[in-house]
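> just to be clear, the model below is a prediction. Sequence and coordinates:
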Amino acid sequence: DAGVIQSPRHEVTEMGQEVTLRCKPISGHNSLFWYRQTMMRGLELLIYFNNNVPIDDSGMPEDRFSAKMPNASFSTLKIQPSEPRDSAVYFCASSLKGTGTGELFFGEGSRLTVL
Amino acid sequence: QQQVKQSPQSLIVQKGGIPIINCAYENTAFDYFPWYQQFPGKGPALLIAIRPDVSEKKEGRFTISFNKSAKQFSLHIMDSQPGDSATYFCAASKGTYKYIFGTGTRLKVLA
């Protein structure tokens, strides 16, 4: 079975450019999460969608970050304009809410480097 | 109160040793405590999880010990193998969506 699919796996861009990260969750999962991982701050939840609706975006660092989930099989995280401090690994994860365990299934991540 | 404090930051053990990773939390409303394992270049994956109504859970060589009164829980890896070398994250949540992750422990098991 296909897991969570993220693209691109690596992105190198220059400060000020727009970055779009993409995620395809596991089919049938109704919850989707975007996390950011850095050495300094570990794993941080950026935003949580349930049934394609943003439920909690309190982790989105600032207005430069935005996320959408137009349908159950696709989500994007956009950074515009990007800054060097945005350099991190961005993970998308999905889960099936209501199972009781809430196990998160992570993608392999998108490593972003902003020069 | 939302933090989960994890220690040590890194750990090196010999093959066959029993590495122990500790986590502490403050929010008594947390009701689910999973451990995630992450290999280089991969996303974290659920390893084992526990709820506060039990004090210990074993799955294969992995054991979680839970001390509700002390608000602490730990991961023990029995008969550790080089293939267990990875970064381990503890986490806590209230309900099943907003996980608070620890800062991670980088484990290296020497052959």
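Nice, thanks for sending it over. Note that the structure is a prediction, hence the values are computed from the model and not measured.
> what's near enough to touch residue A:114?
A:13-15, A:17, A:19, A:82-87 (CB atoms under 8 Å, 6 or more residues apart in numbering or on different chains). Quick note: C-beta positions are derived from backbone N, CA and C, even for glycine.
> make a markdown table out of those residues and add pLDDT and neighbour count.
Shown next, in a markdown table, are those (pLDDT from 0 to 100; neighbours: other CB atoms under 10 Å in any protein chain shown):
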| residue | pLDDT | neighbour count |
| --- | --- | --- |
| A:13 | 97 | 17 |
| A:14 | 97 | 11 |
| A:15 | 97 | 12 |
| A:17 | 97 | 13 |
| A:19 | 98 | 20 |
| A:82 | 97 | 23 |
| A:83 | 96 | 12 |
| A:84 | 97 | 10 |
| A:85 | 95 | 10 |
| A:86 | 96 | 21 |
| A:87 | 97 | 16 |
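> of the residues you listed, closest to chain B?
Minimum distance to chain B across the contacts of residue A:114 is 16.6 Å, recorded for residue A:87 (CB to the nearest CB).
> how near is the residue most central in space within chain A to chain B?
With the centre of chain A defined as its mean C-alpha position, the nearest residue by CA atoms, centre = their mean is residue A:34, 2.9 Å away. According to CB to the nearest CB, to the nearest Å, residue A:34 and chain B sit 12 Å apart.
> not counting sequence-adjacent ones, nearest residue to that residue?
residue A:46 (4.4 Å; CB to CB, 6 or more residues apart in numbering or on different chains).
> swap in residue A:50?
residue A:31 (5.2 Å).
> which residues touch the one you found?
By CB under 8 Å, 6+ apart, residue A:31 lies in contact with A:48-50, A:94-97, B:97.
> make it 7 Å
Shown in contact with residue A:31 (CB atoms under 7 Å, 6 or more residues apart in numbering or on different chains): A:48-50, A:94-95, A:97, B:97.
> residue B:2: which of those is nearest?
Minimum distance to residue B:2 across the contacts of residue A:31 is 14.0 Å, recorded for residue B:97 (CB to CB).
> tell me the secondary structure at the closest one.
coil (DSSP: H, G, I helix; E, B strand; the rest coil).
> correct me, but it touches residue A:45?
No. Using CB atoms under 7 Å as the test, residue B:97 is too far from residue A:45 to be in contact (8.8 Å).
> these two: which has the busier surroundings?
The neighbour comparison of residue B:97 against residue A:45 (other CB atoms under 10 Å in any protein chain shown) goes to residue A:45, with 20 against 17.
> please, which helix or strand holds the more buried one?
Per DSSP states H and E: residue A:45 is located in strand A:42-50.
> give me the contact list for the next helix-or-strand element following that strand.
As assigned by DSSP H and E, the chain's next helix or strand after strand A:42-50 is strand A:53-56. With CB under 7 Å, 6+ apart as the test, strand A:53-56 has contacts from A:47-49, A:67, B:98.
> out of those, what pair is the most spread apart?
Spatial extent of these (CB to CB) is set by the pair A:67 and B:98 at 16.0 Å.
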